[in-house]
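Asks: next come a sequence and a model predicted from it.
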Amino acid sequence: MQNNITIKTHKNGLKYLDIKTPQCKAMIFLQGAQITSFIPNDRPDLLWVSEENTYQPGTSIRGGIPICWPWFGPHQDSKKPQHGYARNQLWELNSISYDADTLCITMYLPNTKELLNQDLNLEIVFKLSTELQIELINRNNSDETIQVTQALHSYFPVSDIKKVKVNGLKGAEYFEFGKGPTSDHEDCVQINNETDRSYQKVDEQQAILDESREIIISRINSKSVVLWNPWIEKSKSLSNFSSIDYKKMICLEAANILDDKILLEPNQTHKLILMIKEK
Ligand SMILES: O=P(O)(O)OC[C@H]1O[C@@H](O)[C@H](O)[C@@H](O)[C@@H]1O
């Protein structure tokens with residue numbers, strides 16, 4: 001099969017890259033530079049996306065990997081959007097190349113100066129082969145230190161949330177939002193209720209152990225991990241999310257938040273790398 005990359009229009013007008021290579025299939029929306037599907041050859045999708053999505057321009061798609069930037073969670077100023085600007089903005093496509101079985105797509109967020117009133121650049125690189133690699137690159141072009149919190153808010157599909165285990169978090173300190181600190185002593189974390197945890201200074205690799213497969217998530221320059229499932233009550237207040245969606249997904253997010261915030265010096269660059277594959 002040849003590489004086949006086309007720009008298509010989804011319902012309600014959102015544009016996305018429809019990608020087919022000999023190694024994988026994928027969908028990346030220009031809004032939010034949001035990848036919503038990554039299918040390595042002949043395997044099930046490694047990303048989850050809700051069927052409830054309305055794909056409205058300006059509204060974050062529920063699923064795939066939304067980008068939280070330049071802040072994570074709610075802003076002190078309640079007029080500013082939860083999880084920052086990047087996920088709802090239109091990104092520009094910069095380049096597409098194919099080398100050594102890997103398709104490389106680079107995009108950048110335009111107009112960051114106007115949005116933030118700060119000279120901070122954000123770029124993303126998708127490297128697609130039988131594995132998915134994403135690089136999120138911040139560059140401070142100003143002469144002042146800039147603080148950033150961020151996450152690649154990955155939604156993963158699971159067969160049944162009650163049967164899923166997550167390893168790689170043993171001993172790491174976490175804050176259940178609003179409470180903490182606490183830490184896990186078990187080899188694996190299991191989810192039985194609403195879970196919204198930020199693990200700090202945590203190992204660089206976790207795995208989601210599902211009945212029939214294992215998804216391996218590795219991170220570089222991402223000191224925090226957010227583990228999230230809204231369970232039943234919280235689901236009711238979420239956009240683009242059905243009452244049973246919580247059973248079929250788990251978020252394990254490559255992040256730098258709370259005490260792991262990034263302090264970017266003038267002219268400094270920070271590159272977070274996330275790698276996702278099936279074992
Ligand atoms: O509904 P949103 O804005 O996409 O946020 C979803 C969730 O994202 C998680 O990363 C946060 O830890 C949760 O607190 C939040 O509820």
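Replies: Thanks, I have the structure now.

Asks: direction included, what does the helix or strand bottoming out on mean pLDDT in the chain pair up with?
Replies: Within the chain, confidence by mean pLDDT, DSSP states H and E is lowest for strand 179-183 among all helices and strands, at a mean of 82. Note on strand 179-183: by DSSP bridges, its sheet partners are strand 173-176 (antiparallel).

Asks: in the partner strand, what's buried?
Replies: Across strand 173-176, burial judged by 16 or more other CB atoms under 10 Å covers 174-175. C-beta here means a position set from N, CA and C on the backbone, and glycine is covered the same way.

Asks: please apply the same query to stretch 76-95.
Replies: Buried residues in stretch 76-95, counting neighbours by 16+ other CB under 10 Å, are found at 83-91.

Asks: ok, and does that stretch reach over to the ligand?
Replies: Yes: Stretch 76-95 reaches the ligand (CB under 6 Å from any ligand atom) through 82-83.

Asks: end to end on that stretch, go ahead and measure it.
Replies: Using CA to CA, to the nearest Å, one end of stretch 76-95 lies 36 Å from the other.

Asks: swap in stretch 179-196?
Replies: 10 Å.

Asks: does the ligand sit close to it?
Replies: Yes: Stretch 179-196 reaches the ligand (CB under 6 Å from any ligand atom) through residue 196.

Asks: who's in contact with that stretch?
Replies: Residues outside stretch 179-196 that contact it (CB atoms under 8 Å, 6 or more residues apart in numbering): 161-162, 164-167, 169-177, 209, 226-234, 250.

Asks: in strands only, show me those.
Replies: Counting by DSSP state E, the part of those found in strands is 165-167, 173-176, 209, 226-229, 250.

Asks: count the residues that sit near residue 235.
Replies: Residue 235 has 17 neighbouring residues, counting by other CB atoms under 10 Å.

Asks: OK, contacts around it?
Replies: By CB under 8 Å, 6+ apart, the residues touching residue 235 are 241-243, 245-246.

Asks: out of those residues, which is most surrounded?
Replies: Using other CB under 10 Å as the neighbour criterion, residue 245 leads these with 22 neighbours.

Asks: now it: closest residue in space, sequence neighbours ignored.
Replies: Counting by CB to CB, 6 or more residues apart in numbering, residue 245 lies nearest to residue 50, which is 5.3 Å off, once chain neighbours are set aside.
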